[in-house]
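please work out how this folds:
(chains A and B)
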Amino acid sequence: MKEISAMIVEDEQLAGELLRHYLKGFPEIRLMGEYADGFTGIRAINEKKPDLIFLDIRIPKINGLEMLELLDYEPAIIFTTAYNEYAIRAFEMNAVDYLLKPFSKERFKQAVDRASFRIENGETKSVSELKPAVELDDGYLKRVVVKERNNIKIIPTRQITYFESQDDYVMIYTEEGRFLKSRRLKYYEENLDPLNFVRVHRSYIVRIDQISRLERYEKESYKLFLINKEVVPVSKSGYKKLKGVLRF
Amino acid sequence: MEHPFLKRQQFLLFYISGWVIFFALITGILIGFYQMPVGIVASDTLINIILFAILGIGLWYPLDFILHSSNGYSSNFLNLSGLGIVTVGLWVFLGRILSMVIFAKEDEAIAYIQQSFPLKIIAGVVLFLILILIYYLIIYLTGYEEKRLAESELRSLAKEAELNLLKYKLNPHFLFNSLNSISSLTLSSPEKAHEMILKLSDYLRYSLKAGKGHECSLEEELGNVRLYMEIEKVRFGNRLEFIEKTDQSCMKQKVPDMILQPLFENVIKHGVHDSTESVKLEFRCRIESAFLEMKIRNNFVPAEEERVNTGTGLDNVKKRLYNIYNRADLMEIIKKDSIFEVRIKIPVELKND
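This next block holds a predicted model:
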């Protein structure tokens, strides 16, 4: 049997111990490390590239779902958490399995077998196909996690000036510079709080409180001047939306 | 209240039909009684009935007013009698003028009008009483219906609140994570697992009986908080440190039960859970000018601020304090540098002994 390399990301020591205890029954699995928060976890995972990851969702720094957005490759993921409301989302993200704490040895074996099967058959999906992961607390995105060379940066959405679509990527403009993220603009349109952000153009989403003034450019086309002096084009439908949110 | 006959076309139709039937009956009787030409009796009756029907619609408004500014039965009776005299008087007076104008040149008709005058007064009083009775009946029945609806709505709201409270008290995330820790401990150190099951049981027992608006001593409430913190310490190990400084004089004071636990839970949820640093949680309590002053403070990493939002747990405590003591200034949240502090004040019960 082929050896499977694995990592654990779990912030509670006893929960980690239990996982390690269960793993003793699987000699083919080689544990490469255990991490207690999202930052150190994602760094180690991208560096050592284990085949299988046991991932808790509610962990410090960046959560388990956000970590998935930062993966450089396609490992098999088994979520371990007490929060069953995220199960559907985890499966949308093509997790191999979702273990609800506390779970039995049998249930654990089932999940590991499923993962082994996928790893041997190379069936893990590419990261770009993963479905959206929203910030845990409530409906709207509160922050965006980006990679900046070898660092990970958390950008609260209130620091974002605007989003610009660039094919399959989105450029995020903030006061501290711009960051590229492999997502479609539509994702942000759907998951940002519509009270704070508005899509003014096929390629632009603007933070409403960054708007300085709106000028007519040509017939039926407008330009938006932002507080930081940048200019963003406004489409016909974008104009209508602006009219709705700014009430003019 | 809305006019019962005017609020729907259907009801107005009922009202009119009632009068039409009454008109047919009374005309028949009067013709037999007075031996007068059918035309005269019918026209005079029709005029008077239309008049009363219109007055009857208008009657609702003073009646509604009288009942709403009700000052007891005797005053109601006086007001209604006055209303009756005015209504019947107006009706007889207007009816007579109208009939006189219409039948001005017919002696036979005028004789009839004069002859039937006393009967009209009696009829007016009877009609007035009947109409008032009908209105009363309507008010009683709709009021009853509204009350019933309001009551059933209240019942379902209460049930929902109870369910939410139960869920809140059981706190499934805390429960399942604790059970997972126990599951792990049973393998590594059964003694500790045993201990933790006992603590968890005590904690659950207290939580389940609490929260129904009862009071308990600070000692009891703090006892439960200590249990909660001990359980969380098993989960989080060195990441959580709990320091408690309570003046002995505070211990016997009464506090609403489960008022402190949500504040500690908030620290665990937003402070400990999201931080890799060790979190030091300090609780202080003292009595200061007729108030039990409590402070719960913890350190947090400012970079994590995005997550340190004031949760629903804190809002609930604030609402409960407001509901119990009717004051909005009993809870204060202070966020400064890397310190998060919640202060609550509870009025000290003054004892006479």
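
list the buried ones in stretch A:179-188?
Buried residues in stretch A:179-188, defined by neighbour count with 16 or more other C-beta atoms under 10 Å in any protein chain shown: A:179, A:181, A:183-185, A:187-188. For every residue, glycine as well, the C-beta is placed using N, CA and C.

contact residues of chain A facing chain B?
A:11-15, A:17-18, A:21, A:36-37, A:39, A:58, A:60-61, A:82-83, A:100-102, A:137, A:142-143, A:154, A:156 (C-beta under 8 Å from any C-beta of the partner chain).

could you check how many residues crowd around residue 204?
Using chain A here. 20 (other C-beta atoms under 10 Å in any protein chain shown).

wrong one, I was asking about chain B
Residues near residue B:204, counting by other C-beta under 10 Å: 16.

give me the pLDDT value at it.
On pLDDT, residue B:204 comes in at 90.

any idea how far the residue nearest to it when sequence neighbours are not counted is from chain A?
Distance criterion C-beta to C-beta, 6 or more residues apart in numbering or on different chains; nearest residue to residue B:204, sequence neighbours excluded, is residue B:170 at 7.5 Å. When distance is defined by C-beta to the nearest C-beta, to the nearest Å, residue B:170 is 13 Å away from chain A.

residues contacting residue B:170?
Taking C-beta atoms under 8 Å, 6 or more residues apart in numbering or on different chains, we find residue B:170 in contact with B:204, B:207-208.

before we move on, what about residue A:144?
A:154-155, A:157, A:160, A:172, A:179, A:181.

I'd like these as a markdown table, with distance to residue B:2 and secondary structure appended.
What follows is the contacts of residue A:144, written out as a markdown table (distance: C-beta to C-beta, whole Å; DSSP: H, G, I helix; E, B strand; the rest coil):
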| residue | distance to residue B:2 | secondary structure |
| --- | --- | --- |
| A:154 | 58 | strand |
| A:155 | 56 | strand |
| A:157 | 49 | helix |
| A:160 | 53 | strand |
| A:172 | 57 | strand |
| A:179 | 61 | strand |
| A:181 | 59 | strand |
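
show me where chain A has its helices.
A:13-23, A:38-48, A:64-69, A:87-92, A:105-120, A:185-191, A:236-246 (DSSP state H).

by mean pLDDT, show me the worst of those helices.
Among the helices of chain A, helix A:87-92 scores lowest, with a mean of 62.

whichever of the residues of chain A next to chain B end up buried, select them in ChimeraX.
Selection of buried members from those for ChimeraX, criterion 16+ other C-beta under 10 Å:
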select /A:11,12,13,14,15,17,18,36,37,39,58,60,61,82,83,101,102,142,143,154
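
now the closest residue to residue B:50 other than its chain neighbours, what's its secondary structure?
Closest residue to residue B:50 apart from its sequence neighbours, by C-beta to C-beta, 6+ apart: residue B:19 at 8.0 Å. Secondary structure assignment for residue B:19 (DSSP: H, G, I helix; E, B strand; the rest coil): helix.

what's the neighbour count on residue B:19?
16.

least trustworthy helix or strand in chain A by mean pLDDT?
Across the helices and strands of chain A, mean pLDDT, DSSP states H and E gives its lowest value to helix A:87-92, namely a mean of 62.

please apply the same query to chain B.
helix B:107-115 (a mean of 79).

chain center to that helix, what's the gap?
Its chain's C-alpha centre and that of helix B:107-115 lie 61 Å apart, by C-alpha atoms, centre = their mean, to the nearest Å.

with stretch A:35-47 instead?
15 Å.

touching that stretch from outside, list them.
With C-beta under 8 Å, 6+ apart, stretch A:35-47 has contacts from A:7-11, A:16, A:32-33, A:53, A:55, A:59-64, A:66-67, A:70-73, A:75, A:150, A:152, B:276.

buried only: go through these for me.
If we count by 16+ other C-beta under 10 Å, the contacts of stretch A:35-47 have these buried: A:7-11, A:16, A:32-33, A:53, A:55, A:59-64, A:66-67, A:70-71, A:75, A:152, B:276.

rewinding a little: distance of the residue nearest to residue B:204 relative to residue A:212?
From residue B:170 over to residue A:212 the distance is 51 Å, taken as C-beta to C-beta, to the nearest Å.

low-scoring stretches of chain A, by residue?
A:1, A:84-94, A:123-139 (pLDDT under 70).

got the domain ranges for the chain?
Unless you meant another one, I'm taking chain A. A:4-125, A:143-246 (automatic domain parsing).

can you look at chain B instead?
B:9-162, B:171-347.

quick one on the thing from earlier: nearest to chain B among the buried residues of stretch A:179-188?
residue A:179 (16.4 Å; C-beta to the nearest C-beta).

I figured the closest one hits residue A:171, correct?
Yes. Using C-beta atoms under 8 Å, residue A:179 makes contact with residue A:171 at a distance of 7.4 Å.

what is the helix or strand where residue B:186 lies packed up against?
Using DSSP states H and E, residue B:186 maps to helix B:172-188. The contact analysis (3 or more C-beta pairs under 8 Å, 6 or more residues apart in numbering or on different chains; DSSP states H and E) places helix B:172-188 against helix A:13-23, helix B:190-209, helix B:218-236.

what residue of chain A is the furthest out?
Distance from the centre of chain A peaks at residue A:219, with 39.8 Å (C-alpha atoms, centre = their mean).

could you count how many residues lie near residue A:163?
24.

show me what it is bridged to.
Using DSSP bridges, the bridge partners assigned to residue A:163 are residue A:172, residue A:205.

excluding covalently adjacent residues, which one is nearest to residue A:194?
Spatially, and ignoring its direct neighbours in sequence, residue A:194 is nearest to residue A:245 (7.6 Å; C-beta to C-beta, 6+ apart).

which ones are touching the one you found?
A:194-195, A:198, A:208.

hmm, back to that, anything in contact with each of residue A:179 and residue A:171?
With C-beta under 8 Å, 6+ apart, residue A:179 and residue A:171 have no common neighbours.

that older thread, right, so of the helices and strands packed on helix B:172-188, which gets closest to residue B:340?
Proximity to residue B:340, assessed across the helices and strands packed on helix B:172-188 by C-beta to C-beta, is greatest for helix B:218-236 (16.5 Å).

what count of nearby residues applies to residue 203?
Looking at chain A here, since you left the chain open. 16.

I was thinking of chain B, sorry if that wasn't clear
So residue B:203, with other C-beta under 10 Å, has 23 neighbours.

any idea how far it lies from residue B:170?
11 Å.

what of residue B:161?
In terms of C-beta to C-beta, residue B:161 sits 15 Å off from residue B:170.

run a quick neighbour tally on the residue in the stretch 1-150 of chain B that chain A sits nearest to.
Of all residues in the stretch 1-150 of chain B, residue B:150 sits closest to chain A, at 32.4 Å by C-beta to the nearest C-beta. Per other C-beta under 10 Å, the neighbour tally for residue B:150 reads 10.

cheers, nothing more for now.
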